[in-house]
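Participant: got a sequence here, can you model it:
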Amino acid sequence: MAAGTVFPVLRSSEYFTRPSIDELVEREVSDPGYCSRVPDFIIGRAGYGQVRFLSNTDVRGIDLNDVVRFDKHSVGVYEDETGKPPVGHGLNKAAEVSLLLNLKDLPEPSILVEVLRCLARKQGARFLSFNPVNGQWKFEVDHFSRFGFVEEEEEDVVMDEAAVRQPTAEVRERDPPSNGYEIKLSHSLPAHLGLDPAKMQEMRMAMFYNEEDDEYMGDGFPSDERYLSRERMNVDSPTSSGKGSRLRSVSPLHMSSQKVGRRPGMPARKEPLALLEYNMNSSELGRSSQGMLMSGQNKGFPVKMTKVEGFKLPAEQETPVAGKMYSNCVVDAALFMGRSFRVGWGPNGMLVHSGSLVNSPGMGLSSVIHIEKVASDRVVRDDKNKIKEDLAALVFSDLMDLHKSLDHEFLETESDSFRLKLQKVVTNRFVLPDICRSYIDIIEKQLEVSDLSMSSRVLLMHQVTVWELIRVLFSERANGNQLEPIGDDDQEGMVLDKKEGSVNIDLDALPLVRRADFSNWLQDSVCHRVQGEVGSLSDARYLEHILLLLTGRQLDSATEVAASRGDVRLAILLSQAGGSMLNRSDLSQQLDLWKINGLDFDYIEEDRIKVYELLTGNIEAALLDSPIDWKRYLGLIMWYQLPPDTSLDIIIRSYQHLLDEGKVPYPVPVYIDEGPLDEALQWSPGDRFDISFYLMLLHANEDEKFGLLKTMFSAFSSSYDPLDYHMIWHQRSILEAIGAFSSNDLHLLDLSFIYQLLCLGKCHWAIYVILHMPYLDDAPYIHEKLIREVLSQYCESWSKDDAQRQYIVELGIPVEWMHEALGLYHEYYGDQQGALENFIQCGNWKKAHTIFMTSVAHIMFLSSHHQEIWEITSALENHKSEIADWDLGAGIYIDFYILKNSMQEESAMDDSDPLEKNNESCKSFFGRLNDSLLVWGSKLPVESRACYSKMAEELCELLTNTPSQALNVHMGCFQTMLNAPVPDDHKSPYLQEAVSFFTEILCSDSR
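Facilitator: Just a heads-up that it's a prediction; the model follows:
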């Protein structure tokens, strides 16, 4: 059977198959007849969907681009009925269809699911599922024509949705006014923003309460449930209970405190209410409730709805919100709610905002809080958008462990008595091949992970070729090593492009050795594309087959094809392709003679002339109407146009010169060049090169200052994910270590990778990357600032992971910084005891003293944990010079224990009268207690005042039991006890005892 009837044909780069065309070719070779029984054959179009044909499918000779067509929300197979095979043959058989729907153009999921079920039933299909997260609609068909949304049905769906979402204001327009008041709001600010002016007026009346509007306003606010696409979430809708319920946020970013909502009957506040502070009164809610900004029933406030045309953005106007994609403006809830709500970033890439597109179908008003997470973990997700833990370990941990295992040099910096050890990888070009091989081994392990998407596999394979290119361009060979092959002596110019044999290194030959390695790299990197295009050709087009093989420099295969077809002369020419310039000149002169002598080229195959032109080095004539990718074009210049001894630097600069003139293909990034992409990207030539071309330019300009480093190490140069910096950070680090370039201006790369690691909870690796940032004289404290911010903001992640915590310590991070972060973390979550311990550990004595006085001391004292109080205050006392108001703070507790023990010991001894001394001590101490209450004021809780009262009572009791012969001293003690900070009802016994004692004195004097 001819090759053209064995394999299917797929020409469009937007379409893909599983197995791919290359895999079908390989399996057909190893298992003849495989293409007649391909199990679960899949064809799809990136961003549109795919079709999986059930059981075995015969795909031989099918032109997939003519048979299968994906459009928006639909797919057609065999739309031309004349070429449609019987049911069960070819692709006209049972299949599972998956279509990706654009949710912005369709109803909400609750409505859309029923619409899809009816549509599938109407078209004779079986509805399987609908995923509202990614918009994937699955259904089964028994045979094919066209399925999905056709234009008329899509319009019907939109109109049905409009009927379901009929604005309440339009319904109210038909109701007669209750009191004759009518308000027209068509020229207000909400109208120009494309919102409902009547609803905005009601919202203003409800939120900015005014006594003058009492007679027109009700208390109830209805609820709303809105659909948020992808990973968006909104606050819980209030329920219709008899008691008003509060709005509860499902966000992990909790407010530090929540206030109690206004109860029915309370006087209304005149300032705006916080978004999470509204209380619902369901007694006035109707069944048809709407959103917070939309009243379901208009009680006592008639509004006449006038049709308005919302604000429209001119098509030529570019917005800062949308960039190059023109859409409507975005409205923030703060426009209506003042300072009640603001946009904010949370940990791990969490964004809390209230923005939504105005007049966009399926989107709620901007009063709904959205919680979105930046997709910084796409690199570790499979084709089902699920995180693969084994892939995450390979992508981050294994690569970072490899980086850590390399030799490092250290630079010690000092800041505020703390020392940091900055690190930098140190290596040389002789060991670079081993390093590149280690990175490739890890990437190959990633390729073995199951369920990877096709686009992820393309990027991983590209990363392998990039590391190989780094080895080829920047590695060096030590003297005495063996050189890779040279070949036969009689083949001029081709001696370095073989892969067999070995000779000793000749220093003069090193540039040609690198050229040979680069040639081999080019051949390997384009081989799969050549084979894919060759597989779609028929046997009759053998000259085109040969031409394609020449674009990948597969000379042996091209020669064999020519010889097998009896074209011996062509085979001889092909065997000398890319050889000496003399052969090329002779062939070129022959073509010129044919043209001069008026040879009729109509009698020579066009593809044969193209082969001759390519062998002469005339690439433009050879590739007329046959565009190829940039790597193969670069190879053609190197192999067939330039002399075989041209250095690699000149080859790369020649291509760059032609690129500037627009004569060669643009070196587009691999995800655009090869695809398929999971989602469409906006890209235009000139935006960026592929990182492989940047590496070539870096090698060609290594002796000069390279000004494209920032663009080279941007995410888009190697990945379609703008937040994925993990591999280019490693490549930058290795290239800088071997001296390929030196730059202190790549902080964006460092910070982007740090952010990516933090979003994945890899705080220890983020700090490791910070330590590898270069030291800058004009910003000497940048490392300390970044590390402290990471420790503080992501304390919950690293503090609960013992391995991360230990690794951070091993990096030489001061433990004081860690305890400072832990102190802030415990304080935020109300663990004052833990915060106190950590603030003491980090040496923040002032903060520790404040927490001790306001939150910890009274609890311990009233619980009789006196030993713990003594230990804490003793630790603080060593630094009392750094603590304000020490004597009126923690010093009181130390002095209390000292004074109490002193009075107890003196009362047990038979010394001279101690009462006067104790009285003076107690008098001074009670004065400090009163001063402390004045200084700390409202910062001290009621329990602290109880502590002071208990201290005073214990000392007063000891003072009362102290014996003394001096009566006037006794009277002075009573005065001291009456001035103690104890409640008045506790002072009455002291007063009664003083009166009794004074009466006794008077009686004794009268005797």
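Participant: C-alpha from now on. contacts and neighbour counts both.
Facilitator: Fine.
Participant: which of the three states applies to Gly761?
Facilitator: coil (DSSP: H, G, I helix; E, B strand; the rest coil).
Participant: how close does it sit to Ile442?
Facilitator: Going from Gly761 to Ile442 by CA to CA, to the nearest Å gives 21 Å.
Participant: how about the strands in the stretch 601-750 of the chain?
Facilitator: Counting by DSSP state E, counting those that start in this stretch, the stretch 601-750 of the chain forms no strands at all.
Participant: flag the shaky bits of it, pLDDT-wise.
Facilitator: 675-687, 703 (pLDDT under 70).
Participant: one more pass at 50, please.
Facilitator: Of all residues in the stretch 601-750 of the chain, none has pLDDT under 50.
Participant: show me where it has its helices.
Facilitator: With DSSP state H, counting those that start in this stretch, the ranges of helices along the stretch 601-750 of the chain come out as 606-616, 619-622, 630-636, 648-660, 670-673, 691-700, 709-712, 726-737, 747-759.
Participant: got the domain ranges for this protein?
Facilitator: 15-148, 312-373, 508-665, 844-1005 (the TED database).
Participant: where does pLDDT dip in the stretch 1-150 of the chain?
Facilitator: For the stretch 1-150 of the chain, no range has pLDDT under 50.
Participant: helix, strand, or coil at Phe70?
Facilitator: Classification of Phe70 using three-state DSSP returns strand.
Participant: doesn't Tyr48 make contact with it?
Facilitator: Yes - shown here, Phe70 and Tyr48 form a contact pair, counting by CA atoms under 8 Å, at 6.6 Å.
Participant: kindly format the C-alpha coordinates of the strand or helix carrying Leu548 as PDB.
Facilitator: Using DSSP states H and E, Leu548 sits in helix 542-551. Output in PDB follows, covering the C-alpha atoms of helix 542-551 (Å, rounded to 0.1, in the frame of the first residue of the first chain):
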ATOM      1  CA  TYR A 542      10.000  11.300  -3.800                       C
ATOM      2  CA  LEU A 543      11.700  14.500  -4.900                       C
ATOM      3  CA  GLU A 544       9.800  16.500  -2.300                       C
ATOM      4  CA  HIS A 545      10.600  13.800   0.100                       C
ATOM      5  CA  ILE A 546      14.300  14.300  -0.700                       C
ATOM      6  CA  LEU A 547      14.000  18.100  -0.300                       C
ATOM      7  CA  LEU A 548      12.500  17.700   3.100                       C
ATOM      8  CA  LEU A 549      15.200  15.300   4.200                       C
ATOM      9  CA  LEU A 550      17.800  17.900   3.000                       C
ATOM     10  CA  THR A 551      16.200  20.600   5.300                       C
END
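Participant: which strands or helices does that helix pack on?
Facilitator: If contacts are counted by 3 or more CA pairs under 8 Å, 6 or more residues apart in numbering; DSSP states H and E, helix 542-551 sits against helix 510-535, helix 555-564, helix 606-616, helix 630-636.
Participant: turn the ones you listed into JSON lines, including mean neighbour count and distance to Tyr897.
Facilitator: JSON lines is the format used below for these (neighbours: other CA atoms under 10 Å; distance: least, CA to CA, whole Å):
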{"stretch": "helix 510-535", "mean neighbour count": "19", "distance to Tyr897": "81"}
{"stretch": "helix 555-564", "mean neighbour count": "18", "distance to Tyr897": "96"}
{"stretch": "helix 606-616", "mean neighbour count": "21", "distance to Tyr897": "99"}
{"stretch": "helix 630-636", "mean neighbour count": "21", "distance to Tyr897": "83"}
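Participant: if anything else comes up later, I'll come back, but that's it for now.
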